[in-house]
Structures are given as C-alpha cells and as structure tokens.
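# okay, here's the prediction I keep looking at, along with the sequence it came from:
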Amino acid sequence: MSKNKKRIVLSSLILVMVVALVFVARSVGAWLTDQQETDEVTLQVGNVEYNLTGTSNLFVTSPVVPGQNLVEDNELKITNQSNVDSQIRFKFTATYDNTNMDSSFTGDAVADELLLTTFDPVWQLGTTAGLEGYYYLNGEGGVILANTTVVNAILTSLILDGSKVGNQFAGKEFTIKFTFQAKQADHLTWQDAGSIDFITGI
C-alpha cells in the first residue's frame, strides 16, 4: 500500500432539513365532516461529507526504525464537501503486540508514549469531559461552514521514540489507525452524538 492514493468519503448519516415547511391555513366548512390539505411541500435533506486524500510513507512496506519520521513529506489532507454547516473530529490510536515484553509495556503505543507525534495546529485535542481523546478541527466548538472547501493537513510528524523503543521491539508490528467522525453543526452536540453509531446512523 506504499504511496497509494487514498480517498475516504465520510458521511455521517446525521441529517438536517434545509427547506422550511409552509402550511396553508384551511377552514373546515362542513357541519359534520370535511377534509382539507396543505399545498405540496418538498423537503431536501442536507449532506455531511468529507474527503481524505493523499499519499504518505506511513504505509511503507519495509521495516521502520526509531527516529524515522513515518509521515515525512506526507500529503494526507481532509477537505469539506458538506452542503450544511458541520464539525469533524478524529481519534488516533496505535497498538502493538506486547507478548513476552516487560510489564510496563501495555500494548497501547499512545498511552505508553512510544510515539512522538505532531498534528497540524488546526487540530486540537479535546479537554472537556466526554470529549477527551479526540482531535477537533478548529477546536471542540469549531464549525466548518457549508460549501467551504478549505483543505487541511492532518499529521506532520510520527516517530518511534528511540529512548523508549529498545531491542525488545525488534520485529514488532504497530497498528496505527485514524477514526474520523463528522456531524451536522446545528442542533446536535458532540455529547448527544456520543450515543449515535456513526457508521449505521441513529
């Protein structure tokens, strides 16, 4: 998978009505029964969509060594293509097999602080209760306006810390994953979205 172009479309399945209902008042004319209807009204549902594109030597096939920047010259970027105001965040995880290793190594490379990472400054780590562990574009309350196509970089540095990753890591495989979540900005908080399955929807 080295240097292959990646394109991931993120759609949240969280919907918003973008056309207001207009009801026409009707009077009831009969003494016992009558029926009236409103004029026909069409509702159009908005779309939350982001594209992740680019190549990176994060997907190298050869063994890596401590001190090597795994995303050097990376081009991983995310672009908003939503037609409603939206918000996006991601969780970064890195795991490894800690079998037969010192008990101080948990298998969670992030918790064990084995990686030196630098994310683009537009991504800020959440600190509010319930929002921790995610990086938010322009902060926890950051809103990306509808039809805004600004391109944002994600990760600029990812390095195995040679002061912590010694000989017992030889041959170990690290699994690195980004989990992105996007939602409409209006009428749905991140806390409320916590009970929603972003893959299958409500």
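Thanks, I have it.
# torsion angles phi and psi at the residue nearest the centre of the chain?
The centroid of the chain falls nearest to residue 180 when counting by Cα atoms, centre = their mean (1.9 Å). Note on residue 180: its backbone torsions stand at phi -100, psi 140 [degrees, to the nearest 10].
# look at residue 133 and report its pLDDT.
We have a pLDDT of 93 for residue 133.
# residues near it, how many?
12 (other Cβ atoms under 10 Å). To be clear about C-beta, it is placed using only N, CA and C from the backbone, and glycine gets the same treatment.
# quick one: the residue of the chain most remote from its centre and residue 188, what's the gap?
What lies farthest from the middle of the chain is residue 31; by Cα atoms, centre = their mean that is 58.7 Å. Separation of residue 31 from residue 188 (Cβ to Cβ, to the nearest Å): 47 Å.
# show the residue spans covered by the helices in this protein.
Using DSSP state H, the helices found in the chain span residues 190-193.
# so where is it shaky, pLDDT-wise?
1-30, 55-61, 202 (pLDDT under 70).
# 90 instead, please
1-46, 52-65, 68-77, 100, 102-103, 148-153, 155-157, 166-178, 191-202 (pLDDT under 90).
# break down it into its strands, ranges please.
Remark: strands assigned in the chain by DSSP state E are 6-11, 49-54, 77-80, 86-96, 115-119, 123-125, 135-137, 151-153, 155-160, 174-184.
# ok now the second one, how far from the chain's centre?
It refers to strand 49-54. Mean-position distance between strand 49-54 and its chain equals 10 Å (Cα atoms, centre = their mean, to the nearest Å).
# give me the helices and strands touching it, please.
strand 6-11, strand 77-80, strand 174-184 (3 or more Cβ pairs under 8 Å, 6 or more residues apart in numbering; DSSP states H and E).
# pretty sure residue 70 contacts residue 158?
Yes. In this structure, residue 70 is within contact of residue 158 by Cβ atoms under 8 Å, at 4.5 Å.
# tally up the residues packed near the residue nearest to residue 64 when sequence neighbours are not counted, please.
Spatial nearest neighbour of residue 64, excluding adjacent residues (Cβ to Cβ, 6 or more residues apart in numbering): residue 70 at 6.2 Å. The tally of other residues near residue 70 (other Cβ under 10 Å) stands at 20.
# the residue nearest to the centre of the chain touches residue 92, doesn't it?
No. If you go by Cβ under 8 Å, residue 180 and residue 92 don't touch, sitting 10.4 Å apart.
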